[in-house]
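>>> Turn this into a structure:
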Amino acid sequence: MPPPRPRLVALRYRDFRYLWLGEMVSTTGSQMQLFAINWHIFELLRGQVFYVAILGGQIELGAEAFGLGMLGLVRVLPIVLFALLGGMLADALDRRQVMLWTRVISAVVAGVLTGLTLSGQINVNSIYVLTALGAAATALDSPARQSIVANLVKPRHLANAISLNTLIFQIATICGPALAGILVAQVNIGVVYGINTATFLAAIVAIALIRHRGKLKTSANIGWQALVAGIRFTIGTRIIMGTMLLDFFATLFSSARTMLPIVAGDILGVGALGYGALATAQPVGALLVGLVLSLRSELKRQGLLLLASVAVYGLATALFGISVSFALSYVMFALTGAGDTVSMVIRGTIRQLMTPDELRGRMVSVNMMFFMGGPQLGELEAGLVAALFGAPFAIFSGGVATVLLTGWVAWRYPSIRRYNNADDLRKGLRS
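Next up, the predicted model:
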């Protein structure tokens, strides 16, 4: 009988431990700022309406829903413009250096947002511009950050490292909104932005302490051919492409999170503190499931589990959309976090194990178009639908669409249904 595998083994690697701790602090600050920006836009536009002329008539749109939806647009455009460049940088340069410079840019953006808010010179347009700049820095950073993990741990411990990285987001999205909700209710919202600036500085220190250096032995050039090679690999590997589509559809149509200020403020009537509490539901569900996954040595029938988790995500979103009870809304929103975490771990492991290291940054950058573009476009879609038909309909219809599209992906990509575990990847399952 083989000895039991050590728990949280990836944290035994010094460089990964520094990266993980720095990301934990930085991501918590970013989640605080995300919460604050959403509430800031909601407060600046609350109660306002505007009219759009269509076919000779006028349609009244709620400014707050539309304004929150526009945040998705200003976040997704930089991703489209800079994600693929970020992937090439991650494969051609020292990934650690790329991360350092992008964090410096992010710290500057957060610092400017802090100064404008505390001085009373902030407005909706300046929030949009600074949000777009921050999204551009994230688009350049994410391929290097995700790709470097495989350079810091041994291949057999990669799944554990990915599970631990999912815990970062889950813990941060519990602590971040809760702390921000308390601060927003008590002090100037610029204080939240200032805290985020400080967390970026902490991440810069952590990355600087990482010993790993240098470009890949077979590093790519920055150019058209390198870009095409990465796209061709990602699209041509059907199981990877199927998981990306699954992620994209779910986050495009089930973006309930962007409507939380309206749900908390107008539907449930619980205000900023209630908004902060409700925002913790999704990461609470994610954290509980993430802890279970990080302590397990292996999951069986992962393909079917992946499809079921996304279906649960969509169904819980639909029920969240029609709920008028805070308790029920909290439980349903927590279920979306649980389903998303199972999906995230399985998708991430498949992609990392199937991608050669010299292509990993570009694969991640293509994936960013899906896993980051989907939520941001989803915010825009949800904002437009909510402005026309109300937030409950926008959330409910999105959840139903997610369930239906999950069924389509299961039919269109049989390799996902058949996938069991990492042994399948080693056997070359690509059809």
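>>> who's in contact with Val331?
Ala281 (C-beta atoms under 8 Å, 6 or more residues apart in numbering). In short, each C-beta sits where N, CA and C put it, glycine included.
>>> rerun at 10 Å
Neighbouring residues of Val331 by C-beta atoms under 10 Å, 6 or more residues apart in numbering: Ala281, Gly285, Ala316, Leu319, Phe320, Ser323, Ser325.
>>> Touching, Leu34 and Thr138? I think so.
No: between Leu34 and Thr138 there is no contact under C-beta atoms under 10 Å: 11.2 Å.
>>> Mind listing the shared neighbours of those two?
Common neighbours of Leu34 and Thr138 (criterion: C-beta under 10 Å, 6+ apart): Arg75.
>>> hang on, the earlier thing: which pair in the contacts of Val331 spans the largest distance?
The largest separation in the contacts of Val331, counting by C-beta to C-beta, is between Gly285 and Ser325 at 17.0 Å.
>>> Between the two, point out the one with more neighbours.
Per other C-beta atoms under 10 Å, whichever of Gly285 and Ser325 has more neighbours is Gly285, with 24 against 10.
>>> picking up where we left off before, select only the buried ones of the contacts of Val331 in PyMOL?
Here is the PyMOL command that selects the buried residues among the contacts of Val331 (16 or more other C-beta atoms under 10 Å):
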select buried, resi 281+285+316+319+320+323
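>>> Check which residues of the biggest helix by length in the chain are buried.
If each helix of the chain is counted by residues according to DSSP state H, the longest one is helix 14-45. Using 16+ other C-beta under 10 Å as the test for burial, helix 14-45 gives 15-42, 45.
>>> So which residues of the stretch 1-150 of the chain form strands?
Remark: strands assigned in the stretch 1-150 of the chain by DSSP state E, counting those that start in this stretch are 49-54, 57-62.
>>> What's the mean pLDDT across the first one?
With pLDDT averaged residue by residue, strand 49-54 scores 58.
>>> Kindly report the same for stretch 408-424.
Mean pLDDT, computed over stretch 408-424, is 77.
>>> got it, and stretch 118-127?
The pLDDT scores in stretch 118-127 average 91.
>>> can you check stretch 178-188 too?
Mean pLDDT, stretch 178-188: 84.
>>> just stretch 261-269 next, same as before
Mean per-residue pLDDT for stretch 261-269: 83.
>>> What is the neighbour count of Leu209?
Residues lying near Leu209 (other C-beta under 10 Å) number 14.
>>> wait, it sits on Phe16?
No: counting by C-beta under 10 Å, Leu209 stays clear of Phe16, with 11.9 Å between them.
>>> Tell me which of the contacts of Val331 fall in strands.
Among the contacts of Val331, DSSP state E puts none in strands.
>>> from the contacts of Val331, which single one is nearest Leu164?
Gly285 (17.8 Å).
>>> check contacts around that closest one.
170, 316, 330-341.
>>> now, which of those residues sits nearest Leu353?
Among those, and counting by C-beta to C-beta, the member closest to Leu353 is Thr341, at 18.7 Å.
>>> check contacts around that closest one.
Contacts for Thr341 (C-beta under 10 Å, 6+ apart) come out as 163, 166-167, 169-170, 282-283, 285-293, 309, 313.
>>> Now with 8 Å, please.
Contacts of Thr341 (C-beta under 8 Å, 6+ apart): Thr166, Gln170, Gly285, Ala286, Val289, Gly290, Leu293, Ser309.
>>> Pro177 now?
By C-beta under 8 Å, 6+ apart, the residues touching Pro177 are Gln31, Met32, Phe35, Tyr275, Gly276, Ala279, Thr280.
>>> Looking at these, which one is closest to Gly399?
Nearest to Gly399, judged by C-beta to C-beta, of the contacts of Pro177 is Ala279 at 18.1 Å.
>>> And the helices in the stretch 251-400 of the chain, which stretches?
Assigned by DSSP state H, counting those that start in this stretch, the stretch 251-400 of the chain shows helices spanning 260-262, 271-279, 281-295, 302-322, 326-354, 357-371, 373-389, 391-412.
>>> Relative to the whole chain's centre, how far out is the longest one?
It refers to helix 326-354. Distance of helix 326-354 from the chain centroid (C-alpha atoms, centre = their mean, to the nearest Å) equals 11 Å.
>>> Just the mean pLDDT for it, thanks.
For helix 326-354, mean pLDDT is 84.
>>> For that helix, list every residue counted as buried.
Using 16+ other C-beta under 10 Å as the test for burial, helix 326-354 gives 326, 329-354.
>>> List the contacts of the closest residue to Met344 other than its chain neighbours.
In space, and not counting its chain neighbours, Met344 is closest to Thr166: 5.3 Å by C-beta to C-beta, 6 or more residues apart in numbering. Taking C-beta under 8 Å, 6+ apart as the criterion, Thr166 is in contact with Ala286, Gly290, Leu293, Thr341, Met344, Val345, Gly348.
>>> And these, which two are furthest apart?
Pairwise distances across these (C-beta to C-beta) peak at 13.7 Å, for the pair Ala286 and Gly348.
>>> Contacts for the helix or strand encompassing Ala198 next, please.
According to DSSP states H and E, Ala198 maps onto helix 190-208. With contacts defined as C-beta under 8 Å, 6+ apart, helix 190-208 is touched by 18-19, 21-23, 25-26, 28-30, 32-33, 35-36, 96, 99-100, 103-104, 106-107, 110-111, 113-118, 122, 180, 183-184.
>>> rerun that using 6 Å as the cut-off
Applying C-beta atoms under 6 Å, 6 or more residues apart in numbering, the contact partners of helix 190-208 are 18, 21-22, 25-26, 29, 32-33, 36, 99-100, 103, 106-107, 110-111, 113-114, 117-118, 180, 183.
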